[in-house]
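K.L.:
When you get a sec, could you give me coordinates for this:
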Amino acid sequence: MNKSPVDRRPLLRALFDAAVAAAQPALCLAQHLPPRPKGRTIVIGAGKASAAMARALEDHWVGPLAGLVVTRYGYEVPCERIEIVQAAHPVPDAAGLKASQRMLALVNGLTPDDLVIALISGGGSSLLVAPGEGLTLADKQAVNSALLNCGATISEMNCLRRHLSGIKGGRLAAACYPARVLTLLISDVPGDSPADIASGPTVADVSTCADALAIVARYGIALPSAARALLQSGGGESVKPGDARLAHIETRIITAPQIALEGAAQVARDAGITPWILSDSMEGEARDIAKAHAAIARQVALQGQPFQPPCVILSGGETTVTLKGNGRGGRNVEFLLALGVALDGLPGVHAMAGDTDGVDGAEEIAGAVLTPDTLKRAWAQGINPRASLDNNDGHGFFQALGDSVITGPTLTNVNDFRAIVIDGSATA
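P.N.:
Numbering: from 1, shown residues only. Below you'll find the model as predicted:
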């Protein structure tokens, strides 16, 4: 006897919302705050979650406080003592440049009795945009645009960014010397490496200009002449481990993708669905990751291996997309569309993929939902799923079906979220 199909849309959205909620600064920042220093307390920061972090800090800090934080347009959170500035992401703009210059000036002339609290989260790489020596804002914009389209991993992107910057790669912490620096991080990168979160403005960096040049060659990135000259001369070297200016820095990750996935997993358990977290740090082309997830989902649905349905497969990390078409998309909807094509309407399998910051690609769309009849509904509207995938048109595809997920600014960022619910209604 066949069971009626179960609508898993509400559960998928509840899983996503739980992942976002688990990574809110208000829940995880206060326990990491230090005692008041003898001198001044200066707050600096950048990222999509940095304004929410600043508000959480203000809510729990007793004593004098001042500072400047730059966040993405639309992600501002009102603060009383910390100034919040908004700038562009993912391609930097003049507002980000001005904020970065002001931030460097703010930490100039501090003493050993002073404390700098740096609030850093994903998105900070484009928001902290002080160009390296000889570079212009236009040069940085050109490099950023090229990186977003070439298929490089986030670690590779940030290696190049660090060596073309006047503030990343430990330079912001060096500018704070001799003050003590406490960096509170919300991780959005696979592996949670502090050097890769916002390109590591307050931590030492072991990578080199030679490493950055190798990435340029690997992906055929067209660099502005001034950027190439800076790398070839070695003038773009970042601040290295052992540098005396970093002797009094402390770095703490206050929340990360794993914490978000665990939050979602608990919601699944409460709903009577067994969760399985595959990984919090998956990287690679979105389409390739989708094919691997589809193979696992098919094995579960048809063979009950390696997990028994009903269950939900959860994963995080940051995939990449090598653009070949001119559609509207992002890495999460690219994954989801490729997953749908690979599953080809497999019964009993629903999925969602979204960016926990609420923005997948360049649009205010977090991601989308996939159902067993997604492809059928697309064909009924005259939409070819594979052609949409080839055109990198994930947003166009899911929006036409009414399956986009729009959250607005989430005020946090722990990267990609993927959930596949398998009810086991498929038969071999």
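
K.L.:
From now on I want contacts and neighbour counts done on CA atoms only, so please keep to that.
P.N.:
Will do.

K.L.:
show me where the stretch 1-150 of the chain has strands.
P.N.:
41-46, 66-72, 82-87, 115-121 (DSSP state E, counting those that start in this stretch).

K.L.:
So what are the sheet partners of the first one and their directions?
P.N.:
This means strand 41-46. strand 66-72 (parallel), strand 115-121 (parallel) (DSSP bridges).

K.L.:
Mean confidence (pLDDT) on it, please.
P.N.:
Across strand 41-46, the average pLDDT comes to 98.

K.L.:
List the buried residues of it.
P.N.:
Judged by neighbour count using 16 or more other C-alpha atoms under 10 Å, the buried positions of strand 41-46 are 41, 42, 43, 44, 45, 46.

K.L.:
ranking the strands paired with strand 41-46 by burial, who's on top?
P.N.:
Comparing these by mean neighbour count (mean count of other C-alpha atoms under 10 Å), strand 115-121 comes out on top with a mean of 27.

K.L.:
Output that one as PDB, nothing but the C-alphas.
P.N.:
Output of strand 115-121 as PDB, limited to C-alpha atoms (Å, rounded to 0.1, in the frame of the first residue of the first chain):
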ATOM      1  CA  LEU A 115      42.300  46.700  24.300                       C
ATOM      2  CA  VAL A 116      41.100  46.200  20.700                       C
ATOM      3  CA  ILE A 117      38.100  43.900  20.200                       C
ATOM      4  CA  ALA A 118      37.900  42.900  16.500                       C
ATOM      5  CA  LEU A 119      34.500  41.500  15.400                       C
ATOM      6  CA  ILE A 120      35.100  39.600  12.200                       C
ATOM      7  CA  SER A 121      32.800  37.500  10.100                       C
END
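
K.L.:
Return the closest of the buried residues of strand 41-46 with respect to residue 70.
P.N.:
The closest of the buried residues of strand 41-46 to residue 70 turns out to be residue 46 (C-alpha to C-alpha; 4.8 Å).

K.L.:
quick one: the closest one from residue 121, how far?
P.N.:
Relative to residue 121, residue 46 is positioned 6 Å away (C-alpha to C-alpha, to the nearest Å).

K.L.:
Next, show the common contact partners of the two.
P.N.:
residue 198 (C-alpha atoms under 8 Å, 6 or more residues apart in numbering).

K.L.:
For my notes, please list the strands of the stretch 1-150 of the chain in CSV and give distance to residue 156 for each entry.
P.N.:
Formatted as CSV, the strands of the stretch 1-150 of the chain follow (distance: least, C-alpha to C-alpha, whole Å):
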stretch, distance to residue 156
strand 41-46, 20
strand 66-72, 22
strand 82-87, 23
strand 115-121, 18
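
K.L.:
residues contacting the closest residue to residue 12 other than its chain neighbours?
P.N.:
Spatially, and ignoring its direct neighbours in sequence, residue 12 is nearest to residue 352 (6.2 Å; C-alpha to C-alpha, 6 or more residues apart in numbering). By C-alpha under 8 Å, 6+ apart, residue 352 lies in contact with 12, 13, 336, 367, 368, 369, 370, 417, 418, 419, 420.

K.L.:
my guess is the fifth one contacts residue 404, does it?
P.N.:
Yes: contact criterion C-alpha atoms under 8 Å: residue 368 and residue 404 qualify, at 4.2 Å.

K.L.:
Now the common contact residues for the two.
P.N.:
residue 398.

K.L.:
So for these two, which residue has more residues nearby?
P.N.:
residue 368 (27 against 22; other C-alpha atoms under 10 Å).

K.L.:
Check the offset of stretch 195-207 from the chain's centre.
P.N.:
15 Å (C-alpha atoms, centre = their mean, to the nearest Å).

K.L.:
right, I mislabeled it, should have said stretch 387-404
P.N.:
On C-alpha atoms, centre = their mean, the centre of stretch 387-404 falls 22 Å from the chain's centre.

K.L.:
residue ranges with poor pLDDT in this structure?
P.N.:
Along the chain, the parts satisfying pLDDT under 70 run over 1-4, 425-428.

K.L.:
for it, longest helix please?
P.N.:
For the chain, the helix reaching the highest residue count under DSSP state H is reported as helix 286-303.

K.L.:
From the structure, what's the count of residues near the nearest residue to residue 110 once chain neighbours are set aside?
P.N.:
Beyond its immediate neighbours in the sequence, the residue positioned closest to residue 110 (C-alpha to C-alpha, 6+ apart) is residue 179, lying 5.8 Å away. Residue 179 has 28 neighbouring residues, counting by other C-alpha under 10 Å.

K.L.:
Quick check: residue 179 touching residue 115?
P.N.:
Yes: Residue 179 is within contact range of residue 115, at 5.8 Å (criterion: C-alpha under 8 Å).

K.L.:
and residue 128, how many neighbours does it have?
P.N.:
Quick note: residue 128 (other C-alpha under 10 Å) scores 34 neighbours.

K.L.:
Please tell me I have it right and it contacts residue 166.
P.N.:
No: counting by C-alpha under 8 Å, residue 128 stays clear of residue 166, with 9.2 Å between them.

K.L.:
And residue 52, how close does it get to residue 124?
P.N.:
14 Å.

K.L.:
Settle it for me: which of those two has more neighbours?
P.N.:
residue 124 (29 against 25).
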